[in-house]
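Colleague: Have a look at this prediction, sequence included:
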Amino acid sequence: MRKLLLSCACAAGLLATAATAPAAFAERPLPEFGKCTKVAEGSTGAYTGVTCVTLATTRPGHYEWSPLTSEEKDTFSGAGNEAVLATAGRLPVKCIVANFNGTYTGPKTATVEIEFQGCVNGENKQCTGVTSPQNKSEIKTLALEAELGYIRDEEINGKRVVQTGLDLKPSSPLTEMVTYECGNALETFSLEGSVIGQMRPIDRMTTAPILTYRATKAGVQIPESFVEGAPDTLSTKIMSGVPPKTETLASTLAIKPITLTNSTEVEIKAIEK
């Protein structure tokens with residue numbers, strides 16, 4: 001994913017007609033997962049505060065930033081809230097619970113599995129996973145790859161405003177997140193593509209990040225991409241009948257805010273100054 005990098009000329013033109021404008025920020029490795037820790041007595045760190053946002057330029061710093069690596073094996077999990085998987089022209093699938101389990105694998109990456117429970121379609125038929133069979137009305141994704149990025153990065157009234165998101169997609173070389181059926185073994189639904197949800201808070205250590213996936217009733221995922229990134233949207237491949245016929249339709253995923261629990265404190269570092 002590319003980070004926001006607009007020319008000053010472009011930003012100046014937008015400022016002439018609007019109160020807000022994208023900022024021309026320098027290319028940076030942020031956002032990233034990591035830890036801000038106090039250095040040992042007598043040592044000097046690169047940052048002045050407990051968030052590792054402000055660089056120590058005029059006085060000695062007492063904190064240091066360490067991006068996460070796969071060696072830490074930090075994990076996160078959460079028993080979530082209602083989830084809705086909507087597909088254009090089809091009845092939506094509603095699940096009572098969405099359970100998350102994941103492992104941070106690097107400064108921008110993680111692996112994630114989601115188990116949806118109590119899933120029924122608009123005809124109140126139970127929907128059950130096929131690729132990873134569960135109990136009736138349970139749909140469990142395959143292992144998903146997750147990537148951290150900016151979903152908002154702009155300057156408003158001289159202040160930088162950022163938001164971060166977690167992009168979920170099938171683990172390569174797979175193309176589907178999960179395949180399920182809703183009471184008819186001759187009709188299966190394979191969820192493909194990718195989806196981004198907002199992940200917060202940013203710029204502070206926490207054991208309780210919050211993850212939210214949103215979509216409009218009109219079938220638009222919010223957001224549909226990282227800042228200046230390629231589209232990250234979902235589709236569903238439907239196979240039905242004998243011989244099977246295939247069609248692919250646009251889809252969205254909405255999950256009410258879920259508070260995750262980290263195995264240790266982790267920070268999403270989004271800015272540096």
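Modeller: Sure, I can see it.
Colleague: make it CA atoms for all contacts and neighbour counts henceforth
Modeller: OK.
Colleague: What segments of the chain are helices?
Modeller: 8-15 (DSSP state H).
Colleague: Output the below-cut-off pLDDT ranges for it.
Modeller: Counting by pLDDT under 70, the ranges of the chain that qualify are 1-28, 132-134.
Colleague: ok, now which residue in it is the farthest from the centroid?
Modeller: Using CA atoms, centre = their mean, the residue of the chain lying farthest from its centre is Gly42. It sits 39.2 Å away.
Colleague: That one and Cys52: what is the separation?
Modeller: With the distance defined as CA to CA, to the nearest Å, Gly42 ends up 18 Å from Cys52.
Colleague: Same check on Gln117?
Modeller: 39 Å.
Colleague: if you count what's nearby, which of those two comes out ahead?
Modeller: Cys52 (29 against 25; other CA atoms under 10 Å).
Colleague: Next, that one: phi, psi?
Modeller: Main-chain torsions, Cys52, degrees, to the nearest 10: phi 60, psi 40.
Colleague: Double-check it against Tyr63; I have them as touching.
Modeller: Yes - between Cys52 and Tyr63 a contact is recorded at 6.6 Å, counting by CA atoms under 8 Å.
Colleague: Give me the common contacts of those two.
Modeller: Common contact partners of Cys52 and Tyr63 (CA atoms under 8 Å, 6 or more residues apart in numbering): Cys36.
Colleague: Tell me the bridge partners for the spatially most central residue of the chain.
Modeller: Nearest to the mean C-alpha position of the chain, by CA atoms, centre = their mean, lies Leu166 at 1.7 Å. Beta-bridge partners for Leu166, by DSSP bridges, are Leu148, Gly197.
Colleague: Can you name the residues that contact it?
Modeller: 146-149, 196-199.
Colleague: what's around Pro31, how many residues?
Modeller: Considering only other CA under 10 Å, Pro31 is surrounded by 24 other residues.
Colleague: what's the nearest residue to it if we skip its chain neighbours?
Modeller: Spatial nearest neighbour of Pro31, excluding adjacent residues (CA to CA, 6 or more residues apart in numbering): Ala270 at 4.4 Å.
Colleague: Quick check: the one you found touching Phe33?
Modeller: No - with contact defined as CA under 8 Å, Ala270 does not reach Phe33; the gap is 9.1 Å.
Colleague: Could you dump the contacts of Leu166 into CSV and include distance to Gly106?
Modeller: As requested, these are exported to CSV (distance: CA to CA, whole Å):
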residue, distance to Gly106
Ala146, 10
Glu147, 9
Leu148, 10
Gly149, 13
Ile196, 18
Gly197, 19
Gln198, 18
Met199, 16
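Colleague: Closest one of those to Glu228?
Modeller: When the contacts of Leu166 are ranked by distance to Glu228 (CA to CA), Gly149 comes first, at 10.6 Å.
Colleague: which ones are touching that closest one?
Modeller: Contacts of Gly149 by CA under 8 Å, 6+ apart are 1, 30-32, 108, 164-167, 226-227.
Colleague: Can you select the buried ones among those residues for me in PyMOL?
Modeller: Typed into PyMOL, the next command selects the buried ones out of those (criterion: 16 or more other CA atoms under 10 Å):
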select buried, resi 30+31+32+108+164+165+166+167+226+227
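Colleague: What number of residues are in the vicinity of Asp153?
Modeller: Other residues near Asp153 number 24, with proximity taken as other CA under 10 Å.
Colleague: what are the ranges of the strands in the stretch 101-250 of the chain?
Modeller: 109-120, 128-129, 139-140, 144-156, 159-170, 176-181, 187-193, 195-200, 205-206, 210-215, 221-222, 234-240, 245-259 (DSSP state E, counting those that start in this stretch).
Colleague: Who does the longest one pair with, and is each partner parallel or antiparallel?
Modeller: Yep, that's strand 245-259 we're talking about. strand 83-87 (antiparallel), strand 210-215 (antiparallel), strand 234-240 (antiparallel).
Colleague: which residues are contacting the longest one?
Modeller: Under the criterion CA under 8 Å, 6+ apart, residues 87, 186-195, 245-253 lie in contact with strand 234-240.
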